[in-house]
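Engineer: show me how the following folds:
(chains A and B)
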Amino acid sequence: MWKGILCVILIGAALGAGGCGDNRYYDDRLQMEVQQLDSDLDNRWSTTGVVIISVKGGPASAAKLEPGELISYVIGERKVDSRGSYNQAVKQAMKGDNNFILKLTDGRTIRIAVRRKGDQAGLEVDGNRVSKVTPGSPADTGNIKVGDIIESVIDERNIKKIKDYKKATREFAKHDSKVTFRTTELVGIKIATINALGNLGDVRAIDLLRGILESEGSTLRQPAAEALERLVALSQLNDLFQKFQNANANELPADRLDAQKRESAEILGLLTVDLEKNLATLNDPFGTQFRHRSEALYEKITDGSMVALAPKYIQREVEPDQEIRRDCISILGHLKPTSAIPNLIAVMEDNAEIPGIRFQAGLALSQIGAPAVDFLIAAFNRGEASVKDIAASALGSIGGNKSRNVLIQALDTIADPTIKLTVADAIAKIGDPTSIQALRLQKQRLPADSGLGTFLSELLKQLETQSM
Amino acid sequence: MKKYTNLCIVAIGVAAFLMGCGTQNESLSKGKELIKSDKRRKEERAAQQFKLAIQQEADNAEAHYLLGYYDSETFYEDGDPQKEKASIEERGKHMFLAYQNDKRKYREILVFETLRDRSPEVQNTALDALKRIYKQDDRKKLLNSLKKAIKSNDNRDRHDAQWVLAALGREDADTIIPILLDLLDYKREETRLNAVKALGKIGSEKAVPNLVQIVNSGSAKRKRDREVAEIRRLAVEALGNIGGAAVQELVAIVQNKGSSMRVDAIQALEKLGDERAVNPLLEVLSDQGSREVVVQF
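Structural biologist: Residues are numbered from 1 along each chain as shown, chains lettered A, B, ... in the order given. Model prediction:
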């Protein structure tokens, strides 16, 4: 007697322990293994489900299910051919979530939801034909009419634990030859991945990211554009990394490197600079590995395809996402293609565009430099106040005689005080003796207490300090 | 007989008191008075008094400790030889000398009081002194104090001990890592958290298997076997700091589709910048989006 009880206890304990440690389940019927989500991921951001760990073959493989997919719902369908089968199917489907879906022979699918457990759907059937609909009931609200023919009852089960998965597949298998899985994409993981690829600076990521940017309607397009922008920025440091590569060293005297690029590399976490010791050291492993990969990235980025792609997505009519437009303008600023000048001028002149983006287009044009000057002058001459403002600023940044002469002439002829300020500021940015002389002359012509006069005095003071 | 005994006790007490008064160093007293006062440049002037006290009494523990505590390079002009003597290392030496003259007292003071100081300079001085104790003296007792501190119910003690253990571990991983690994099972959550942080800062690959185990415990069926999410997240971060052999483990976390730590692992790989992360990350992007799949039984 005691031996028997002991045996039962032992078997029970063994089963309990076995069950406890088990967060995976091999589904013999479908020939795949699923795993429960980590407890703290479960229900975070409304994420629930079991993850497919492996697909061995059989039904799961035939349906092209893939490892990594998160099954959040298991959906079963039960044919209705009698009052009994209807009642049983509805009772089963209402368990847990108080709702079910009716599939009618006319092709409609209607979700019926009741408030509380035990509430009625308000529907009676004769065979599979609707024989009565209670006015005001969920069935009535769902527009089900007497005479409608019910084909089946659809039961959607939200999957939270392994046991939910087991129960749902087992029950559905009894009444139908198929089951539907609804999977959820973990977008957060993909966004984090895209961000990481943008920072890792590897050439292999470019085609994939470009593919995402060119896809339609994906929530991943914006992070992809941002990652591409960072890869383009990183590729512009190639000169610096080639110096390390040519010396086959991870350390170089800091003064042998371009100060601006050195600073960018430091901000990106590739390099540590000790100015006291005049030493620039590549960070391990990021910098030490990247020096070998830098050239491949540079070549891919500058092979022309980025230059061909970016202008499309800077247009407001094509790209509704302003962050993508910003990223693509920034890409053009880095790559400086003269072919993109008309597109950038168009953005700069687009009154309906966000002012910040129009200024960014002006900045990209100033990065392109001398080849953009004629276009900017034309835009300055024909444009209204806001265009003049941006173009003047860009011309000031580019500098050169042509820009300077246009700006000096504008200072005399333009009446609008706001644009006059920008023009004066742009001339001061050029800062050569002719520019300074022009600013002085302008100041002399103005009454001492005028706003522009005070501004010019400030500018001239700054220029004098710089030249000292 | 009892009368004599009482008399003896009183006599010894008086003698001890007088001896105590006699040994009180005058400069030391002046320095301490200055610190209590609200006089101008009181720390600077007190430091001079502590220096005098040490000249009078080379083995005065308190004078050494206070000089280490209050002296500062900011008191001296460039080129003043006293400036060099006020470096963190020199101040650490004074705190170490204080310890050598009264080991038990100053070990406890350094671990439980000096490290708590608001000034990073004082904290670094204490760390320097503790490193000297570890290298030159009774490391076992020091480690016991640090273990007591990291197990303490006071957050500051736990944090300070973690900081010191990480610093010692960077120089002697073989001794410190096993201590920290033991602490990963300690009942107090915050102690485990600090042990994980220290392991990350040390950056030794020896800690990798234990850290991986912590990260993966999130899928344990029984609640008691699961580490809390914050510690698991820190364990991922620690793996990122370690790099090297930890990269493949971080990749495995990314590939474990049921793990809640995937985003953290991706970010750790991103920060590390190791190229071995690239292919697994590209694979993540090719994962299926949301869809409905019909499976025939």
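Engineer: ok, what's across the strand from A:Ile75?
Structural biologist: Under DSSP bridges, the beta-bridge partners of A:Ile75 are A:Glu156, A:Thr180.
Engineer: quick one: it and A:Thr180 touch, right?
Structural biologist: Yes. Under the criterion of Cβ atoms under 8 Å, A:Ile75 makes contact with A:Thr180 at 4.1 Å. (Glycine included, C-beta is placed from N, CA and C.)
Engineer: joint contacts of the two?
Structural biologist: Common contacts of A:Ile75 and A:Thr180 (Cβ atoms under 8 Å, 6 or more residues apart in numbering or on different chains): B:Glu292.
Engineer: now the strands for the chain?
Structural biologist: This is for chain A. Assigned by DSSP state E, the strands in chain A fall at A:24-27, A:32-36, A:50-55, A:70-79, A:99-104, A:109-113, A:123-126, A:129-133, A:150-158, A:178-184, A:251-253, A:271-274, A:279-282.
Engineer: hm, I was asking about chain B
Structural biologist: Using DSSP E, strands in chain B cover B:291-296.
Engineer: look up how far B:Met95 lies from the closest residue to B:Asp59 other than its chain neighbours.
Structural biologist: The spatially closest residue to B:Asp59, leaving aside those adjacent along the chain, is B:Asn101, at 5.1 Å (Cβ to Cβ, 6 or more residues apart in numbering or on different chains). Look at B:Asn101 and B:Met95: by Cβ to Cβ, to the nearest Å, they are 11 Å apart.
Engineer: what does A:Asn195 give?
Structural biologist: Counting by Cβ to Cβ, the separation of A:Asn195 from B:Met95 is 45 Å.
Engineer: can you tell me which residues contact the residue nearest to B:Asp59?
Structural biologist: With contact set as Cβ under 8 Å, 6+ apart, B:Asn101 has these partners: B:59-61, B:64.
Engineer: would you mind measuring from it to B:Ala61?
Structural biologist: With distances defined as Cβ to Cβ, the gap from B:Asn101 to B:Ala61 amounts to 4 Å.
Engineer: measure how buried A:Ile314 is and give me the count.
Structural biologist: By the other Cβ atoms under 10 Å in any protein chain shown criterion, the neighbourhood of A:Ile314 contains 28 residues.
Engineer: which residue is the nearest non-sequential neighbour of it?
Structural biologist: A:Cys328 (4.8 Å).
Engineer: returning to that earlier point: format the contacts of B:Asn101 as CSV; extra columns: neighbour count.
Structural biologist: Below are the contacts of B:Asn101 laid out as CSV (neighbours: other Cβ atoms under 10 Å in any protein chain shown):
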residue, neighbour count
B:Asp59, 12
B:Asn60, 23
B:Ala61, 20
B:His64, 28
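Engineer: closest one to B:Ala53 out of those, please.
Structural biologist: Checking those against B:Ala53 by Cβ to Cβ gives B:Asn60 as the nearest, at 5.8 Å.
Engineer: for that closest one, phi and psi?
Structural biologist: Here is the backbone geometry of B:Asn60 (degrees, to the nearest 10): phi -80, psi 110.
Engineer: could you report the neighbour count for whichever residue of chain A sits closest to chain B?
Structural biologist: Here chain A gets closest to chain B at one residue, A:Phe286, 2.6 Å apart by Cβ to the nearest Cβ. Burial of A:Phe286, expressed as a neighbour count using other Cβ under 10 Å, amounts to 23.
Engineer: with that, I have no additional questions.
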